[in-house]
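Peer 1: Sequence below, structure please.
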Amino acid sequence: MSNTTTVLPLLEPEAVAPCCPPFTERTLTAEEAEKTARMFKALGDPVRLRLFSAVASHEGGEACVCDISDVGVSQPTVSHHLKKLKEAGLLTSERRGTWVYYRVEPSVVAAMGRMLGTLG
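Peer 2: Numbering: from 1, shown residues only. Alright, predicted model coming up:
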């Protein structure tokens with residue numbers, strides 16, 4: 001049996017339409033407000049914010065769930081919080097064997113930044 005490691009290429013993230021316009025551009029529609037509220041609500045939990053930060057700052061821009069579980073809660077709770085971040089559109093995931101790897105969804109985060117950046 002060989003001890004060589006095969007490096008798999010990363011998949012390009014799917015294009016995601018920005019959630020909504022900058023706050024100063026126009027009033028949000030009801031649908032845009034719902035979507036935006038889900039994203040900010042997901043980040044409003046300290047554990048989720050730590051997990052999001054751990055994924056975002058991880059080398060290579062993605063993190064295995066096995067590498068980011070040390071946030072002071074049990075593994076099932078970590079999985080629950082990661083699921084909520086994914087449902088909010090902030091993370092994408094890919095299963096590789098028995099592990100799940102998470103990546104920040106860059107287009108959504110950029111859109112959130114543009115929304116807030118116009119307030120200053």
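
Peer 1: Buried residues of stretch 69-82, list them for me.
Peer 2: 69, 71, 78, 81-82 (16 or more other C-beta atoms under 10 Å). Where C-beta positions appear, they are placed from N, C-alpha and C, glycine not excepted.

Peer 1: ok, so of those residues, who is nearest P46?
Peer 2: P46 lies nearest to V71 out of the buried residues of stretch 69-82, by C-beta to C-beta, at 8.9 Å.

Peer 1: how about the nearest residue to the closest one, chain neighbours excluded?
Peer 2: Counting by C-beta to C-beta, 6 or more residues apart in numbering, V71 lies nearest to R50, which is 4.8 Å off, once chain neighbours are set aside.

Peer 1: What score does the one you found have for pLDDT?
Peer 2: For R50, the model assigns a pLDDT of 93.

Peer 1: tell me which element it falls in.
Peer 2: helix 46-57 (DSSP states H and E).

Peer 1: Adjacent strands (with direction) for the next helix or strand after that helix?
Peer 2: Sequence-wise, the next helix or strand downstream of helix 46-57 (DSSP H and E) is strand 62-64. The pairing partners recorded for strand 62-64 under DSSP bridges are strand 99-104 (antiparallel).

Peer 1: Return the mean pLDDT over the partner strand, rounded to an integer.
Peer 2: Strand 99-104 shows a mean pLDDT of 93.

Peer 1: do the same with stretch 110-120
Peer 2: 72.

Peer 1: For it, list every residue counted as buried.
Peer 2: Neighbour counts over stretch 110-120 (16+ other C-beta under 10 Å) mark 111-112, 114-115 as buried.

Peer 1: Perfect, I'm done here.
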